[in-house]
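Colleague: Below are the sequence and a predicted model for it; my questions follow.
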Amino acid sequence: MGDNYPLSHSNEAGHSMVEILAAMVLMSLIAGSLLTAHGVVAAWLDCSWRETAANSYAVSIAECLRSQRHLLEESNSGCSAEELDLPCFLPGSGMEGRVTWIRPHPDNPRIYEVGITVSWEQRGAYRDVHLDTLIRQE
């Protein structure tokens, strides 16, 4: 035979199909684990964001009560921010802010103990943040 078609292929360079498939399998395993970790981190961030928003909402309710001290009556215990017409009401947020209790402090009747609870639904479970504070009646 002629020199145009050598029988030996030992001088060829490159990767075999098995090596390429093995590299693709390894890359897909790494990519899959990164995507799984991304999903878990995204869920944690969402939970953290909602808790931070709920905490801010509870503080806003407390500040609204401080600015509208005429609402510091025990009869307003159990009322929502919407029912009290507080300007900090967040329509469409999926969070409900409620004044859990308002009661005079036992040692000083000019100071009120106020409990505020913000609730929301997250992944089929109800979660809540509770804030206790003291507000002076003036």
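Modeller: Perfect, I can see it now. Residues are numbered from 1 along each chain as shown.
Colleague: Regarding the nearest residue to Q68 once chain neighbours are set aside, what is its secondary structure?
Modeller: The shortest distance from Q68 to any non-neighbouring residue, by CB to CB, 6 or more residues apart in numbering, is to L86 (7.4 Å). Backbone N, C-alpha and C define where each C-beta goes, glycine included. Under DSSP: H, G, I helix; E, B strand; the rest coil, L86 falls in the coil class.
Colleague: which phi and psi does L86 have?
Modeller: phi -80, psi 140 (degrees, to the nearest 10).
Colleague: from what I can see it touches S67, true?
Modeller: No - in this structure L86 lies outside contact range of S67 using CB atoms under 8 Å: 9.4 Å.
Colleague: on that earlier part again, distance of the residue nearest to Q68 from V114?
Modeller: Distance, L86 to V114, by CB to CB, to the nearest Å: 13 Å.
Colleague: cool, G39 as well?
Modeller: To V114, G39 is 39 Å away according to CB to CB.
Colleague: ok, the two, which is more surrounded?
Modeller: Between G39 and V114, V114 has the larger neighbour count (other CB atoms under 10 Å), namely 23 against 10.
Colleague: Then that one would be within a strand, right?
Modeller: Yes - per three-state DSSP, V114 lies within a strand segment.
Colleague: So what pairs up with it in the strands?
Modeller: Counting by DSSP bridges, V114 is bridged to I102, T133.
Colleague: Give me the spatial nearest neighbour of C64, chain neighbours excluded.
Modeller: In this structure, C64 finds its nearest non-sequential neighbour in L86, 4.3 Å apart by CB to CB, 6+ apart.
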